[in-house]
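J.: Sequence and predicted structure below; questions after.
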Amino acid sequence: MSTSTTGFPFFRLLVLTGAIFASVSSEFLPTGLLPEMAAELKVSESQIGLLVTVFAGTVVLSTAPLTVLTRRYSRKWLMVLLLGIFALTNVLCAIAPTYWFLVGARVLGGLAHGLFWAVTGPYAALLVPRHQLARAISITNAGGTMAFILGVPIGTFLGHALGWRLAFGAMAAVVVVFMVFVILYLPPVSHLVTLATGEIAIPTRKDRSLPAVVIVCLTVVLVITGQNIFSTYIAPWVIQVGGIDEGAVSGLLFVYGAAGAIGLALGGAFGDRYPRGAVNVALAGVALSMLGLAAFGTSAVPIVIGMVLWSIFFGGVPALMHSRVLHSASERIRDLAAAWLTTAFNVAIGGGALLGGVLLDRFGIQVLPWVAAVVIAVSLVFVLASDRARLAAHR
């Protein structure tokens, strides 16, 4: 294992942050461009929402196998290759002549995305000692938050102003920039754990930390499903239910993303000292914020307030989950734990988008925040019920 000997590697972690920013922006760009993409490609908004499901489904099916197949390859150069595939995917989306061509491009992106997350989390953990892990993961996960603050809103603005295809082209250029940064500034790391003399390799299924990893992954499935039932369709919801002008959607998404940065900072500040309490309070806040939007989100002021609170409470959750799984996993299964966590996130992202689309078509878009809030509440109950077992397995 390689860790920094010259202090906290802040700049190197920022390079990882930028790479994650590009990845997450690419994944969620369609959510801000649903109306424009649906109109040009002559499909329903729920079909465009399914692009998130297709992407996530590909991640679910491919992440663990690809992680095993690439386990011995350089983490740095594997990251560079994956960012190159992200850039190509965005170019293909930009030139897509049909909906099904676009689906194919998203499948290619999904193949790269899952492996990318399986690489970046453990890579960050190799740059710092264990007691700095939560701080390091909070910094790198800020890339995902920044994607919602800048990536998706700016992409949405470009899509509204100049066409959705240009937004994907611009995203490809951003990915290339961060690919160059990775080449120039990130060091190679030694990521394979060697056995001590006389030590026998333990099969993954017998690793004592495995139950704790499974509990964290199940938590993520519940939480992120609830989040994406609603968030995938937030653009049409604020237009149709909230009466927000279409041109103001990008600004609203910017505010939502900025509030998420506050949540991430709070998660980093309190996550180390109160790891259980931080998660519990965050989930309760998300559920209550969604209920507030469902009940009162029919005009601009309550929508802005509700979305800000929702984003603040949710902002730190992904980083808290990544930190929790890397703390829980033994060093020998960290890469697989990261792969499983990525799979869990994308099962939930895809499942949430799919369930949201079904609810939208059958019951109308106004039902989405109600259902999402219930699912988040169920996830909180699961966390409270499983914490003792998780901590016992963690030891």
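T.: Okay, I see it.
J.: low-scoring stretches of the stretch 1-150 of the chain, by residue?
T.: Within the stretch 1-150 of the chain, the ranges that satisfy pLDDT under 70 run 1-6.
J.: ok, Leu253 touching Leu34?
T.: No. Using C-beta atoms under 8 Å, Leu253 makes no contact with Leu34, being 12.0 Å away. Where C-beta positions appear, they are placed from N, C-alpha and C, glycine not excepted.
J.: and the closest residue to Leu293 other than its chain neighbours, how many residues sit next to it?
T.: Leaving out its chain neighbours, the residue that sits closest to Leu293 by C-beta to C-beta, 6 or more residues apart in numbering is Gly306, at 3.9 Å. Here the number of neighbours of Gly306 (other C-beta atoms under 10 Å) works out to 22.
J.: In contact with Gly306, which residues?
T.: Gly306 sits next to Ser289, Met290, Gly292, Leu293, Phe296, Gly297 when contact means C-beta atoms under 8 Å, 6 or more residues apart in numbering.
J.: Could I get the phi/psi values of Asp272?
T.: Asp272 adopts backbone torsions of phi -70, psi -40, taken as degrees, to the nearest 10.
J.: these two touch, right, it and Ala136?
T.: No. The pair Asp272 / Ala136 is not scored as a contact, 11.3 Å apart, by C-beta under 8 Å.
J.: These two: which is more packed in?
T.: Ranked by neighbour count (other C-beta under 10 Å), Asp272 and Ala136 place Ala136 first, with 27 against 16.
J.: how far away is Gly242 from Val221?
T.: Going from Gly242 to Val221 by C-beta to C-beta, to the nearest Å gives 29 Å.
J.: no, scratch that, I was asking about Val176
T.: Taken as C-beta to C-beta, the span from Val176 to Val221 is 33 Å.
J.: Show me the shaky parts of the stretch 251-395 of the chain.
T.: Using pLDDT under 70, the flagged stretches of the stretch 251-395 of the chain are 393-395.
J.: Now do the strands in it.
T.: For the stretch 251-395 of the chain, no strands are identified by DSSP state E, counting those that start in this stretch.
J.: quick one: pLDDT of Lys206?
T.: In this prediction, Lys206 carries a pLDDT score of 67.
J.: Please name the residues that touch Val367.
T.: Leu359.
J.: brain fart, Gly242
T.: Here Gly242 is in contact with Gly297, Thr298, Ser299, Ala300, Ile303 (C-beta under 8 Å, 6+ apart).
J.: Got a quick PyMOL command for the buried subset of these?
T.: Applied in PyMOL, the following selects the buried portion of these according to 16 or more other C-beta atoms under 10 Å:
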select buried, resi 297+303
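J.: Would you mind putting the contacts of Gly242 into CSV with distance to Met79 alongside?
T.: Listed next are these as CSV, based on distance: C-beta to C-beta, whole Å:
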residue, distance to Met79
Gly297, 40
Thr298, 45
Ser299, 45
Ala300, 41
Ile303, 38
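J.: Can you flag which of the contacts of Gly242 belong to helices?
T.: Of the contacts of Gly242, the ones assigned to helices by DSSP state H are Ala300, Ile303.
J.: so how far is Thr298 from the residue nearest to Leu293?
T.: 11 Å.
J.: likewise Val317?
T.: From Val317 to Thr298 the distance is 27 Å (C-beta to C-beta).
J.: picking that back up, between Leu253 and Leu34, which contacts overlap?
T.: Ala235.
J.: so Phe74 sits right up against Ile183, yeah?
T.: Not quite, residue 74 is Ser, not Phe. No. In this structure Ser74 lies outside contact range of Ile183 using C-beta under 8 Å: 12.0 Å.
J.: Phi, psi for the closest residue to Ala337 other than its chain neighbours please.
T.: Distances taken as C-beta to C-beta, 6+ apart put Ala329 closest to Ala337, at 3.7 Å, once the chain neighbours are dropped. Dihedral pair for Ala329: phi -80, psi 140, per degrees, to the nearest 10.
J.: check contacts around Ala329.
T.: So Ala329 contacts Ser209, Ala212, Val213, Leu336, Ala337 (C-beta under 8 Å, 6+ apart).
J.: what does Ile137 give?
T.: Contacts of Ile137 by C-beta under 8 Å, 6+ apart are Gly121, Ala124, Ala125, Ala319, His322, Ser323, Leu326.
J.: Kindly recompute the last result at 6 Å.
T.: Contact partners of Ile137, counting by C-beta atoms under 6 Å, 6 or more residues apart in numbering, are Ala319, His322, Ser323.
J.: Top of those by number of neighbours, please.
T.: Of these, with other C-beta under 10 Å as the count, His322 tops at 29 neighbours.
J.: what's the closest non-adjacent residue to it?
T.: Ile137 (5.0 Å).
J.: what do you get for Gln240?
T.: Nearest one to Gln240, counting by C-beta to C-beta, 6+ apart, is Ile365 at 5.7 Å.
J.: Ala105 now?
T.: Leu92 (3.8 Å).
J.: Kindly report the same for Phe21.
T.: Per C-beta to C-beta, 6+ apart, closest to Phe21 is Gly143, 3.8 Å.
J.: what do you get for Val91?
T.: Ala172 (4.9 Å).
J.: Can you give the contact residues for the helix or strand the one you found falls within?
T.: Assigned by DSSP states H and E, Ala172 belongs to helix 164-185. With contact meaning C-beta under 6 Å, 6+ apart, helix 164-185 is reached by 15, 18-19, 22, 25-26, 33, 36-37, 79-80, 83, 86-87, 90-91, 93-94, 155, 158-159.
J.: Can you name the element that comes right after it?
T.: Later in the chain than helix 164-185, the nearest helix or strand by DSSP H and E is helix 210-231.
J.: packing partners for that next one?
T.: helix 317-328, helix 334-363, helix 368-394 (3 or more C-beta pairs under 6 Å, 6 or more residues apart in numbering; DSSP states H and E).
J.: Thank you, goodbye.
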